[in-house]
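Student: Need coordinates for the below:
(2 chains, ligands or ions: 2)
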Amino acid sequence: MADPLLSLKNVQAGYGESIVLDGISLDIEEDGSLSVLGRNGVGKSTLLLTIMGFTNVSAGTVTWRGKDITGWLPHKRARAGIGWVSQERDIFPSLTVEENLTVAASPGRWDLKAVYDLFPRLAERRTNMGNHLSGGEQQMLTIARTLMTNPAILLLDEPLEGLAPIVVEELTAAIERMNDQEKMALVLVEQHASVALALTEQALVIERGAAAWAGASGDLVKDQALIDRYIGLNLTGQAKAG
Amino acid sequence: MTTQIVGILFDGLAFGMLLFVLSVGLSVTLGLMNFINLAHGSFAMIGGYVTLTLMREGGWPFLATLPAAFVITALISVAFERTLFRRLYRSTALNQVLLTIGLVFVSAAIAAYFYGTVQQPIQVPDYLRGSHEIAGVSFATYRLFLLVVALFLVALLIGGLEYTRFGARIRAAVDDQRMARGLGIDVDSVFAVTFALGSGLAGLGGALAIEIVGLDPSFGFHYLVFMLIVVAVGGLGSVGGSFAAAALLGIFDVAGKYYVPALGSFLIYIVLIVLLFVRPRGLFGKR
Ligand SMILES: Nc1ncnc2c1ncn2[C@@H]1O[C@H](COP(=O)(O)OP(=O)(O)O)[C@@H](O)[C@H]1O
Ligand SMILES: [Mg+2]
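Tutor: Numbers count the residues shown, from 1 in each chain, chains lettered A, B, ... in the order given. Ligands and ions are numbered 1, 2, ... in the order given. Presented below is the predicted three-dimensional model:
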């Protein structure tokens, strides 16, 4: 059997001395997709930061295409094909929109033309400075910027948070296309369970840094009691601000 | 009268251009990397001694020593960056000041040991000596040369920072280190290269300075003051700002010593204080 694309085994990780994730395991195949759900502060962002190499891993291993990358620096992981879009939407403010896109680009399927086709609004704003964008445009820019590195997996941290419904629709369609048509693996951190579960095959529910539930997204959708217990009542699919 | 003013303006501007080459690297490292490198003047001194040694011992022509002063200073600075400075990037400003000011003392002592404490003159080539007369005012050739070099460097630096991908990477790394790393930018290398270029420019400045201000082991101290003023007035990390600040500083210094000799070199401090009252972030400072 081929190695999974990305695999975490009993990972314990945190910041400095404090441990946030305790014993997380997961496997994602080449075109797999995973929702990471859970309340605020349970460690969802920390999981993505751990995959990127920004946290202290005190136990367990992170492997990428069968290679142990637990000790790799973040930029090396990014170059190996792990594409991360942070929750903070960190645009580089002293770069234009186009410079934001090209600054870390590497050759491949996703070039300027392809991302402008995906998000035409960015093409209109190409000479704007990165910080002169609306929230939705900023999120498009951060996703497009990561696509420009031509990753094999996309790690999205609450990409729909605080966006207008119309923008949520546009982004959801783009994310779906990435995974279904472009065969890019996907890890989607979300507060809004129904949106995320519709987009992914697998789901992982985190509770205080540990896996509370793991399985097929289709099964979780049906289990309302479980969703209420671990995630709360965010099933309407509306991306609320904050 | 007018010719005298033009002459003083020109001399001041030329001195300012020298200060620009000496300081712009410090502005970049301080502004972009938030590292307080008070040893920047010592890197300039190294460049000066490289040129001196190559000319005296190696018989190199002056112009050929300039790239060497740049490269050797850049390489030495990288050795320091990799071994010492890097450890203090996340440390306090005080620690950075203490380490780098210590290096200034050490480098001054080393220079005094090998070259003695006296001023070391060099012979610039004939075509850089003498002067050109334009409309009754005589312009020293070497100072014209300084002006040309500085303008060329300004164009190169602004172009490099604003219009190249490496320049965009520097700006990205400064804006948000974590995100830059997360996108695959090797931030440590970007900073190391930037630091080397900045220090190399100081080395070039030190080499260019010998003809104007001489060279002795106190160079690292003496010009540190000027460098810090240029950075403070020009605004951190601003190439254009450093240029304007250096030009102003050079002109005020030369004019002050000429017209108000009683105040001597104090005039520049008065100008500095007034300027920073009006514009605390410097002329062009963003932060
Ligand atoms: N940089 C950090 N340093 C220390 N603790 C942090 C840091 N970032 C997050 N935490 C802590 O880690 C825990 C999980 O946070 P996070 O992963 O951001 O949660 P989520 O993304 O699920 O809302 C929280 O208790 C938070 O306070
Ligand atoms: Mg989060």
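Student: and the residue of the stretch 51-200 of chain B found nearest ligand 1, how many neighbours?
Tutor: Going by Cβ to the nearest ligand atom, ligand 1 is nearest to residue B:178 of the stretch 51-200 of chain B, at 9.8 Å. Just so you know, the C-beta spots here come from the backbone N, C-alpha and C atoms, and that holds for glycine as well. By the criterion of other Cβ atoms under 10 Å in any protein chain shown, residue B:178 has 16 neighbours.
Student: who's in contact with it?
Tutor: Listed by Cβ atoms under 8 Å, 6 or more residues apart in numbering or on different chains, the contact set of residue B:178 reads A:54, A:74, A:86, A:90.
Student: give me every residue that touches residue B:258.
Tutor: Contacts for residue B:258 were tallied using Cβ under 8 Å, 6+ apart; they are residue B:8.
Student: How much space separates it from ligand 1?
Tutor: 57 Å (Cβ to the nearest ligand atom, to the nearest Å).
Student: Tell me how far the helix or strand containing that residue lies from the chain's centre.
Tutor: Element membership for residue B:258, per DSSP states H and E: helix B:239-259. How far helix B:239-259 lies from its chain's middle: 13 Å, per Cα atoms, centre = their mean, to the nearest Å.
Student: phi, psi of residue A:7?
Tutor: Main-chain torsions, residue A:7, degrees, to the nearest 10: phi -150, psi 130.
Student: looking at it, it is touching residue A:32, isn't it?
Tutor: No. Using Cβ atoms under 8 Å as the test, residue A:7 is too far from residue A:32 to be in contact (10.8 Å).
Student: what touches both of those two?
Tutor: With Cβ under 8 Å, 6+ apart, residue A:7 and residue A:32 have no common neighbours.
Student: secondary structure class for residue 4?
Tutor: The chain I'm using is chain A. Three-state assignment for residue A:4 (DSSP: H, G, I helix; E, B strand; the rest coil): coil.
Student: OK, contacts around it?
Tutor: A:27-29, A:32, A:63.
Student: before we move on, what SS does the residue lying closest to it once chain neighbours are set aside have?
Tutor: Spatially, and ignoring its direct neighbours in sequence, residue A:4 is nearest to residue A:27 (4.3 Å; Cβ to Cβ, 6 or more residues apart in numbering or on different chains). Counting by three-state DSSP, the backbone at residue A:27 sits in strand.
Student: What residues does chain A have near ligand 1?
Tutor: Selection of chain A residues close to ligand 1 by Cβ under 6 Å from any ligand atom yields A:15, A:20, A:38, A:40-46.
Student: which of those are buried?
Tutor: A:20, A:38, A:42-46 (16 or more other Cβ atoms under 10 Å in any protein chain shown).
Student: now the strands: where do they sit in chain A?
Tutor: According to DSSP state E, chain A carries its strands in the segments A:6-15, A:18-28, A:33-37, A:56-64, A:67-68, A:82-85, A:153-157, A:185-190, A:202-207, A:210-216.
Student: Format those strands as a markdown table; extra columns: distance to ligand 2.
Tutor: Formatted as a markdown table, those follow (distance: least, Cβ to the ion, whole Å):
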| stretch | distance to ligand 2 |
| --- | --- |
| strand A:6-15 | 13 |
| strand A:18-28 | 11 |
| strand A:33-37 | 10 |
| strand A:56-64 | 18 |
| strand A:67-68 | 26 |
| strand A:82-85 | 12 |
| strand A:153-157 | 6 |
| strand A:185-190 | 7 |
| strand A:202-207 | 11 |
| strand A:210-216 | 16 |
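Student: So what pairs up with residue B:137 in the strands?
Tutor: residue B:134 (DSSP bridges).
Student: And what about the residue of the stretch 1-150 of chain B found nearest ligand 2, helix, strand or coil?
Tutor: Residue of the stretch 1-150 of chain B nearest ligand 2, by Cβ to the ion: residue B:90 (24.2 Å). With three-state DSSP as the basis, residue B:90 sits in coil.
Student: just to revisit the earlier point, just flag the most distant two among the contacts of residue B:178.
Tutor: Pairwise distances across these (Cβ to Cβ) peak at 13.3 Å, for the pair A:74 and A:90.
Student: Look at those two and report which has more neighbours.
Tutor: Set residue A:74 next to residue A:90 and count neighbours by other Cβ under 10 Å: residue A:74 wins out with 24 against 21.
Student: who's in contact with the more buried one?
Tutor: Applying Cβ under 8 Å, 6+ apart, the residues contacting residue A:74 are A:52-54, B:178, B:181-182.
Student: where does the closest residue to residue B:147 other than its chain neighbours land in three-state SS?
Tutor: Counting by Cβ to Cβ, 6+ apart, residue B:17 is the residue found nearest to residue B:147 once chain neighbours are left out, at 5.4 Å. Using three-state DSSP, the structure places residue B:17 in helix.
Student: I'd guessed residue B:17 sits against residue B:250; true?
Tutor: Yes. With contact defined as Cβ under 8 Å, residue B:17 counts as touching residue B:250 (7.0 Å).
Student: Tell me where the model's unsure across the chain.
Tutor: No chain was given, so I picked chain A. Applying pLDDT under 70 to chain A picks out residues A:1, A:233-242.
Student: Let me rephrase: I mean chain B.
Tutor: Ranges of chain B meeting pLDDT under 70: B:283-287.
Student: can you give me the helices in it?
Tutor: Using DSSP state H, the helices of chain B run over residues B:2-33, B:40-56, B:62-83, B:93-115, B:141-163, B:165-175, B:177-182, B:187-213, B:219-234, B:239-259, B:267-278.
Student: residue closest to the middle of chain A?
Tutor: residue A:156 (1.7 Å; Cα atoms, centre = their mean).
Student: Please look at that one and residue A:195 and confirm they touch.
Tutor: No. With contact defined as Cβ under 8 Å, residue A:156 does not reach residue A:195; the gap is 11.6 Å.
Student: what's near enough to touch the closest residue to residue B:28 other than its chain neighbours?
Tutor: Excluding the flanking residues, the one nearest residue B:28 by Cβ to Cβ, 6+ apart is residue B:198, at 4.7 Å. By Cβ under 8 Å, 6+ apart, the contact set of residue B:198 is B:24-26, B:28-29, B:40, B:77.
Student: so how many other residues sit close to residue B:190?
Tutor: 21.
Student: Tell me which residues touch it, please.
Tutor: Going by Cβ under 8 Å, 6+ apart, the list of residues near residue B:190 reads B:166, B:169-170, B:173, B:180.
Student: Quick one: check stretch B:67-87 for contact with chain A.
Tutor: No. Judged by Cβ under 8 Å from any Cβ of the partner chain, stretch B:67-87 stays clear of chain A, getting no closer than 14.2 Å.
Student: So which bits of that stretch are buried?
Tutor: For stretch B:67-87, by 16+ other Cβ under 10 Å, it's B:68-74, B:76-78, B:80-81, B:85.
Student: now do stretch B:147-162
Tutor: Of all the residues in stretch B:147-162, those buried under the rule 16+ other Cβ under 10 Å are B:147, B:149-150, B:153-154, B:157, B:161.
Student: What parts of chain A come near ligand 2?
Tutor: By Cβ under 5 Å from the ion, the residues of chain A that approach ligand 2 are A:45, A:87.
Student: Chain A: helices as residue ranges?
Tutor: A:44-52, A:74-80, A:97-102, A:112-118, A:120-124, A:135-147, A:165-180, A:193-199, A:217-222, A:224-230.
Student: And for residue A:209, the neighbour number?
Tutor: Per other Cβ under 10 Å, the neighbour tally for residue A:209 reads 21.
Student: Equivalent analysis for residue B:280, please.
Tutor: By other Cβ under 10 Å, 9 other residues sit near residue B:280.
Student: distance of it from residue B:273?
Tutor: Distance of residue B:280 to residue B:273, computed by Cβ to Cβ, to the nearest Å: 11 Å.
Student: count of residues packed around the closest residue to residue B:270 other than its chain neighbours?
Tutor: Nearest non-adjacent residue to residue B:270, counting by Cβ to Cβ, 6+ apart: residue B:263, 7.7 Å away. Using other Cβ under 10 Å, residue B:263 is surrounded by 13 other residues.
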